[in-house]
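Chemist: here is a sequence together with a model predicted from it:
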Amino acid sequence: MLNKFEDRAALMVGLAAQVAKDLRAALVQKERVSIAVPGGTTPAPFFDILCHEDLAWERVDVMLTDERFVPPTHARSNTALINARLITNAASSARVVPFYQAAERPEDVFTEISAGIDAALPLDICVLGMGADMHTASLFPDSAELADALASDAPVHVVRPASQPEARLTLTGRVLSAAVHKYVLIAGPEKLQALEQAQKVRDVMVAPIRVVLADPKTQVFFAP
Ligand SMILES: O=C(O)[C@H](O)[C@@H](O)[C@H](O)[C@H](O)COP(=O)(O)O
């Protein structure tokens, strides 16, 4: 389902209201609730609104959908992004599930990070971004590891997409598609065009966003 908003401010308010509603409903049913959120340049205004929602954040596990394997001091760190913009104000008591640990290579800390993520699964809510190349999380069409990252039984996978400057850790296709509530947050005409293309393409290797688009319950939140 496509939820179109008149502008980006309304988009971010609309998605924050939906996610807060889902969190509150899940918190009535479960002791702990888990949510995965994207990095990148789009979601920060969404985080700025969601972080003020009055709910039992101390019972919420927050994780990324993917992380560039760079330290939190790095300008491209998604961990730094959510620590600054989401894990603050009312949401400061949420528990962040680590996606980064200092190491030469992500493979060196994979077991520990994977175990921490696994303990917080299945996801109650997953908010995903999407690139103009129809990637989502760090499931990129130009990644030699894509087939394994889609099929893996592990919760995360190390990928080294040709188009990206650093190695990445991404939630696997299985984890993303198993989330109870799935949302895709996109803005701008280029992303809408990519979405329309992804809905025509049947091959998840060409359009990795199909890991969630294939589920008719997935909701897309869009503004021009
Ligand atoms: O690490 C990342 O970059 C994100 O998690 C990634 O999956 C992002 O959602 C898309 O690349 C869209 O990024 P933009 O929002 O910057 O267009």
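Modeler: Perfect, thanks for sending it. Residues are numbered from 1 along each chain as shown.
Chemist: from now on I want contacts and neighbour counts done on CA atoms only, so please keep to that.
Modeler: Noted.
Chemist: and the strand ranked longest in the chain, what does it pack onto?
Modeler: When secondary structure is assigned using DSSP state E, the longest strand within the chain turns out to be strand 181-187. Packed against strand 181-187, as judged by 3 or more C-alpha pairs under 8 Å, 6 or more residues apart in numbering; DSSP states H and E, are the following elements: strand 125-128, strand 219-223.
Chemist: the ligand is nearest to which of those strands?
Modeler: Proximity of the helices and strands packed on strand 181-187 to the ligand was assessed by C-alpha to the nearest ligand atom; the nearest stretch is strand 125-128, lying at 5.9 Å.
Chemist: rewinding a little: now tabulate the helices and strands packed on strand 181-187 in a markdown table and tack on distance to Ser138.
Modeler: As requested, those are arranged in a markdown table below (distance: least, C-alpha to C-alpha, whole Å):
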| stretch | distance to Ser138 |
| --- | --- |
| strand 125-128 | 10 |
| strand 219-223 | 18 |
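Chemist: of these, give the one that comes closest to Glu196.
Modeler: strand 219-223 (11.4 Å; C-alpha to C-alpha).
Chemist: sheet partners, orientation included, of that closest one?
Modeler: Under the criterion DSSP bridges, strand 219-223 sits next to strand 2-4 (parallel), strand 181-187 (parallel) in its sheet.
Chemist: so which of the ones you listed is nearest Ala91?
Modeler: Ranking the strands paired with strand 219-223 by distance to Ala91, with C-alpha to C-alpha as the measure, places strand 181-187 first at 19.6 Å.
Chemist: and the closest one, what's its mean pLDDT?
Modeler: For strand 181-187, the mean pLDDT works out to 98.
Chemist: determine the set of other helices and strands touching the longest helix seen in the chain.
Modeler: Determined from DSSP state H, the single longest helix within the chain is helix 8-29. Contact here means 3+ C-alpha pairs under 8 Å, 6+ apart; on that basis helix 8-29 packs against strand 33-37, helix 44-50, strand 125-128, strand 219-223.
Chemist: nearest to Met1, out of the ones you listed?
Modeler: Minimum separation from Met1 across these (C-alpha to C-alpha) falls at strand 219-223, 4.8 Å.
Chemist: residues making contact with the closest one?
Modeler: Outside of strand 219-223, the residues within contact range by C-alpha atoms under 8 Å, 6 or more residues apart in numbering are 1-8, 11, 15, 182-188, 192.
Chemist: got the residues of this protein near the ligand?
Modeler: Contacts of the chain with the ligand, taken as C-alpha under 6 Å from any ligand atom, map to 38-42, 65-67, 128-131, 136-138.
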